[in-house]
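Asker: I need the structure of the sequence given here:
(2 chains)
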2 protein chains.
Amino acid sequence: MKGLEKIIINERLVENIKHHIAQKDHETLIKLIDWVRAPDMADLMEHLDHEERLYLMDLFEAGDAGEVLIEIETPVQESIIRNLEDEAVSEIVQQLESDDAADLLGTLPYDRVKKIIDSVEDEVSERIERLLPYPEDTAGGNMALEFVAVQEDSTIKDAIETIRKKRDAVKNVYYLFVVDHLNRLMGVVSLKDLVLESPERRINEIMNPEVISVNANKDQEKVYHLFKRYDLVAIPVVDHQNRLIGRITHDDILDVIEDEADEDISLMAGVIHQEITEDSLMKISRARLPWLIAGLLGGILAALVINRFESSLERMITLSFFFPVVMAMGGNAGTQSASIAVRGLATGDIRLVLIWKRLFMEMKVAFLNGIICGILLGVIVGFWLSDYGLGFVVTLSLIVIILNSGFIGAAMPLVFKKFGVDPALATGPFVTTSNDIFSLFIYLALVTIYLRIAA
Amino acid sequence: MKGLEKIIINERLVENIKHHIAQKDHETLIKLIDWVRAPDMADLMEHLDHEERLYLMDLFEAGDAGEVLIEIETPVQESIIRNLEDEAVSEIVQQLESDDAADLLGTLPYDRVKKIIDSVEDEVSERIERLLPYPEDTAGGNMALEFVAVQEDSTIKDAIETIRKKRDAVKNVYYLFVVDHLNRLMGVVSLKDLVLESPERRINEIMNPEVISVNANKDQEKVYHLFKRYDLVAIPVVDHQNRLIGRITHDDILDVIEDEADEDISLMAGVIHQEITEDSLMKISRARLPWLIAGLLGGILAALVINRFESSLERMITLSFFFPVVMAMGGNAGTQSASIAVRGLATGDIRLVLIWKRLFMEMKVAFLNGIICGILLGVIVGFWLSDYGLGFVVTLSLIVIILNSGFIGAAMPLVFKKFGVDPALATGPFVTTSNDIFSLFIYLALVTIYLRIAA
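Answerer: Below is the predicted model of the structure:
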């Protein structure tokens, strides 16, 4: 599989492949496969029917099949592996780097994994078994066991020989990690320095001893922060004794970032983790239903709140006209401040040190925006109903509502973070719903007081 | 500035630095500076007062000052540069890589940039002027002019000499780009191969001619997709004649991803691009006010819709109890399907090819969830008000509402994309508000028909 520059997966190529599969035209298909890069082929596979995918999988060599398979979206990937023989999966697993192999097996049921691990070479199975215990979202869960490490007292020449031995096993070499005789991480050498220095020099003379590493049990978000902060291409992963056990490369980190952003946006939108390419009706429905039902129960609570103020509503049915605007303002103001707090926590730009300063600023913003929106709405309501007293109360309500929602929106993510709950939850329907209820209560309570005074 | 492993910016360190600044204790401060890495120092600076920041800036050497400055959040960065002498800025600019220098100058007013450019060395100013014209969110706007390129007919030995010459100018070398005599990009060589092959071999024998490059005018989102798809560490940037003009490295791409995710989340939350660390009340207020006012006007529209059904409300005041739940269900269902569509378009997992399949699936999900939520709400309403006819109508309304919102939520991002509008807009308050209005209308219209029939 070589790949041509600027391949575009378009409808015509997809149709073309479908046609050749229908014709069982092996020869042309194998030529096409050779011509398309693995990630593009994965993309293309996602546009095919299940049977067509399996037909193509049969045509790949084991190495290529693995490269394509790991690039395919999880739901599609699972459905393909489910239909592959154990033997085929074993062959694919043998060709992959350890982290990719472990990821692929991670989607399979336990006894199938066991059977496959038993059937691969000892060296391969031993590697995979070392990776499987790490949770997916830790440094260990993202690391590969393929890297190049040299002893600190070796020479550059020795180091180059080590790279040569691992030429095929380690696809990309960016840094050489330096260890002592107990395999403890001592430093790092860039390939640039390796190229430029004399082959006789010792590694510990040219290495950078201030190497940034990460413990295998650390959360992947922490790993991402290290990559971003120090502009890393790869980071060595160590155990509790600072022994080098793996490395995480930049491409894994891109996936981590997308995972984390997806997670935030999912929570914000009230979807429990749904794969974008998921195509099971039941799975999608189940990912969304809990939030819809939570919203429904919140709405019933809101109905109970309104019920408490029924007499005010009977006196003035027009009060109900402004339920939507009151709820929208509370919801929007809350989501605005929550989203900034959540992003700040996710990117590491907000730390808990500055909380009070931050909350105070949010209150000032809410107050300013509350006054502006409050006056605007108050004037509209006053004119419409020719009731300027009511207009004034609406102004006052909106200021209180926006202050309240702004505070809840900004504080919730910080409180959640403090208690180890994902702050992004604070931007979701859960908090929007509470803001709706608070907002309705504030509005109806203030208006009821006004009606009593006016009566 | 050397840096120690695992530096943590904590309150104690910040207090310590503040104390030494107050004491004007240069000697200790310079030791501390030498001990903290540039990105950590930037982080630390964000926790200081304005005067303290300027005091520290004075202590840095020009090279260190630049490294720290480019890592500081934009609002803080701007306030620091505004207070630096032109001469100091010129010195800093001379020490930075071209893209960082251009970014830094990009925040300054035009005549100040001109003065600074006039004062730096010709070579530096010429580089910066070549970068300034590219819009920030294009490949050109993210590229650096520092890279290593060799002629295709040179030997590995020549190539190593070229790297040696650029050792200081190019911080990180990952690939060697290969060009012909017209400077057209012909291939790429990894440093691994450079290390392993014999020094006498010609570059064009060992290069990979299938190099992935990007045109300088392409959008940065496209660049990010290329990095992600092909697991790149750096990508060469070319002009329309395929001449090599720059390179973009993985660390720039991390910033691009955060930018794009921030943009999506901002639109989703109804915030016009707000820096997380922004501390100007006016700027934050202005970033949020437009959406609040849009929500307000949408709310007034909703009030007008309710107004049309006043006679139904007068007959049955309890109808207004369910405004919140009706709006919440419409809003949530819409945001759920919109967010999946938006993420899919952003990550490239959804392409316009499969639109119809996708919309059909969304409709099926909406129908299923609508039935479940509808029956639940219908039963609650029926019991509460002892009016099972109304309960049935509420069930029916909720099904129609969720179908409608699901359709709008899924279709809007795709329509927006088609017309070149950012799809993320479809998850924002704009569409939520329209869904609110549609939902209220559907509910009130169906209930009114029921009341007429029942009467």
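Asker: hang on, residue A:200 in a helix?
Answerer: No: read with DSSP: H, G, I helix; E, B strand; the rest coil, residue A:200 is coil and lies in no helix.
Asker: from residue A:154, how far out is it?
Answerer: 11 Å (C-beta to C-beta, to the nearest Å). All C-beta spots, glycine's among them, are computed from the backbone N, C-alpha and C.
Asker: below-threshold pLDDT in the stretch 1-150 of chain A: ranges please.
Answerer: Applying pLDDT under 70 to the stretch 1-150 of chain A picks out residues A:1-10.
Asker: need the helices for it, in chain order.
Answerer: Counting by DSSP state H, counting those that start in this stretch, the stretch 1-150 of chain A has these helices, from start to end: A:11-22, A:26-35, A:38-46, A:50-59, A:62-71, A:74-82, A:86-95, A:98-106, A:110-119, A:122-131, A:139-142.
Asker: relative to helix A:38-46, how tilted is the second one?
Answerer: Going back to what we said before, that points to helix A:26-35. 130 degrees (axes from the mean of the first three to the mean of the last three C-alpha atoms, to 10 degrees).
Asker: pull out the buried positions in helix A:26-35.
Answerer: Neighbour-count burial for helix A:26-35, with 16 or more other C-beta atoms under 10 Å in any protein chain shown as criterion, is recorded at A:29, A:32-33.
Asker: helix or strand: which one has the closest residue to chain B within the stretch 151-300 of chain A?
Answerer: Taking C-beta to the nearest C-beta, chain B has its nearest neighbour within the stretch 151-300 of chain A at residue A:299, 2.5 Å off. Using DSSP states H and E, residue A:299 sits within helix A:281-308.
Asker: what does residue A:430 give?
Answerer: When elements are defined using DSSP H and E, residue A:430 is found to belong to helix A:429-454.
Asker: next one: that helix to chain centre, how far?
Answerer: The chain centre lies 36 Å from the centre of helix A:429-454; the measure is C-alpha atoms, centre = their mean, to the nearest Å.
Asker: just want the angle from that helix to helix B:429-454.
Answerer: Helix A:429-454 and helix B:429-454 are oriented at 60 degrees to each other (the same axes, to 10 degrees).
Asker: tell me which of the helices of the stretch 1-150 of chain A is the most buried.
Answerer: Across the helices of the stretch 1-150 of chain A, averaging neighbours per residue (mean count of other C-beta atoms under 10 Å in any protein chain shown) puts helix A:139-142 on top, at a mean of 25.
Asker: show me the contact partners of it.
Answerer: Helix A:139-142 is contacted by residues A:99, A:131, A:133-135, A:214-220, A:222-223, A:237, A:245-246, A:248, A:252-253, A:256 when judged by C-beta atoms under 8 Å, 6 or more residues apart in numbering or on different chains.
Asker: and chain B, which of these reach it?
Answerer: residue A:253 (C-beta under 8 Å from any C-beta of the partner chain).
Asker: look up how far residue A:224 lies from the one residue sitting closest to the centre of chain A.
Answerer: Among the residues of chain A, residue A:259 comes closest to the average C-alpha position under C-alpha atoms, centre = their mean, at 1.8 Å. In this structure, residue A:259 and residue A:224 are separated by 9 Å, where distance is defined by C-beta to C-beta.
Asker: ok, residue A:377 next?
Answerer: From residue A:377 across to residue A:224, the span is 43 Å (C-beta to C-beta).
Asker: for the residue nearest to residue A:113 when sequence neighbours are not counted, what are its contacts?
Answerer: Excluding its sequence neighbours, the residue lying closest to residue A:113 (C-beta to C-beta, 6 or more residues apart in numbering or on different chains) is residue A:105, at 4.9 Å. Applying C-beta under 8 Å, 6+ apart, we find residue A:105 in contact with A:93, A:113, A:116-117, A:128, A:132.
Asker: next: residue A:53.
Answerer: With contact taken as C-beta under 8 Å, 6+ apart, residue A:53 is in contact with A:45, A:76, A:80.
Asker: quick check, nearest of these to chain B?
Answerer: For the contacts of residue A:53, the closest approach to chain B (C-beta to the nearest C-beta) belongs to residue A:76, at 10.6 Å.
Asker: what sits closest to that closest one if chain neighbours are left out?
Answerer: The spatially closest residue to residue A:76, leaving aside those adjacent along the chain, is residue A:46, at 5.6 Å (C-beta to C-beta, 6+ apart).
Asker: the one you found contacts residue A:75, correct?
Answerer: No: using C-beta atoms under 8 Å, residue A:46 is not in contact with residue A:75; the gap is 9.6 Å.
Asker: so what touches stretch A:154-170?
Answerer: Stretch A:154-170 is contacted by residues A:146-151, A:173, A:176, A:189, A:194, A:197-203, A:206, B:192, B:195-196 when judged by C-beta under 8 Å, 6+ apart.
Asker: next, count neighbours for the closest residue to residue A:240 other than its chain neighbours.
Answerer: Nearest in space to residue A:240, with sequence neighbours left out and distances taken as C-beta to C-beta, 6+ apart, is residue A:215 at 6.9 Å. Counted by other C-beta atoms under 10 Å in any protein chain shown, the residues lying close to residue A:215 total 16.
Asker: now do residue A:205
Answerer: By other C-beta under 10 Å, the burial measure for residue A:205, its neighbour count, is 10.
Asker: for it, give me its contacts.
Answerer: Residue A:205 makes contact with no residue, according to C-beta under 8 Å, 6+ apart.
Asker: now it: which helix or strand?
Answerer: Element membership for residue A:205 (DSSP H and E) is helix A:203-206.
Asker: may I have that helix exported as CSV, CA atoms only?
Answerer: Extracted C-alpha coordinates of helix A:203-206, given in CSV (Å, rounded to 0.1, in the frame of the first residue of the first chain):
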residue,chain,number,x,y,z
ILE,A,203,25.7,9.4,24.9
ASN,A,204,25.8,10.9,28.4
GLU,A,205,28.0,13.7,27.1
ILE,A,206,25.4,14.8,24.6
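Asker: is the residue of the stretch 301-450 of chain A found nearest chain B in a helix, a strand, or coil?
Answerer: With C-beta to the nearest C-beta as the measure, the residue in the stretch 301-450 of chain A that lies nearest chain B is residue A:325; the distance is 2.5 Å. Of the three states, residue A:325 takes helix according to three-state DSSP.
Asker: what sits closest to it if chain neighbours are left out?
Answerer: Distances taken as C-beta to C-beta, 6+ apart put residue B:299 closest to residue A:325, at 2.5 Å, once the chain neighbours are dropped.
Asker: do residue A:174 as well
Answerer: Counting by C-beta to C-beta, 6+ apart, residue A:233 is the residue found nearest to residue A:174 once chain neighbours are left out, at 4.4 Å.
Asker: that neighbour - how many residues pack around it?
Answerer: When neighbours are counted by other C-beta under 10 Å, residue A:233 registers 20.
Asker: now swap in the one 5 residues further on and tell me
Answerer: Summarising burial for residue A:238: neighbours were counted as other C-beta under 10 Å, giving 22.
Asker: quick check, it in contact with residue A:214.
Answerer: Yes: the pair formed by residue A:238 and residue A:214 meets the contact definition of C-beta under 8 Å, at 7.3 Å.
Asker: okay, now residue A:218: neighbour count?
Answerer: The number of residues packed near residue A:218 is 15, by other C-beta under 10 Å.
Asker: how far away is the residue lying closest to residue A:102 once chain neighbours are set aside from chain B?
Answerer: With sequence-adjacent residues excluded and distances taken as C-beta to C-beta, 6+ apart, residue A:102 is closest to residue A:131, at 4.0 Å. Note on residue A:131: its distance to chain B, by C-beta to the nearest C-beta, to the nearest Å, is 19 Å.
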